[in-house]
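S.K.: Here is a sequence together with a model predicted from it:
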Amino acid sequence: ANGDVVAWRREDGERAWLSERLKNRTLTAPLAVGRTLVIGEGNGTLHFVSREDGALLNRITPDGSAIAAAPVLVGNTVVVVTRNGGVFGYRPE
């Protein structure tokens, strides 16, 4: 709700890491793909975050309009839809 991104360890339920880098932003639900979390933002930025430690791997602005919904995985492609109607596909590592 506040933009913190938190990872929890499956084996014991303890917190693995916390990233406050996206605090107080309007974010979509994250999508886990390989070693990456893909998170959309209301300002139109798509963030690629490491699942291992929460480090920022990359940041892309598809067309400058807000990310309209949570990214989805289709095959091995992350599909993102923007408020302006753009549909974009990415293949993170």
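M.R.: Thanks, I have it.
S.K.: Residue ranges in this protein under the pLDDT threshold?
M.R.: Applying pLDDT under 70 to the chain flags residues 93.
S.K.: so where does the most centrally placed residue in the chain fall, helix or strand?
M.R.: Ranked by distance to the mean C-alpha position of the chain (C-alpha atoms, centre = their mean), the top residue is residue 39 at 1.5 Å. Assigned by DSSP states H and E, residue 39 belongs to strand 36-40.
S.K.: Tell me the strands beside the following helix or strand past that strand, with direction?
M.R.: Downstream of strand 36-40, the next assigned helix or strand under DSSP H and E is strand 46-50. Strand 46-50 pairs in its sheet with strand 36-40 (antiparallel), strand 56-60 (antiparallel), by DSSP bridges.
S.K.: Give me the buried positions along strand 46-50.
M.R.: 46-49 (16 or more other C-beta atoms under 10 Å). No exception for glycine: its C-beta is placed from N, CA and C like everyone else's.
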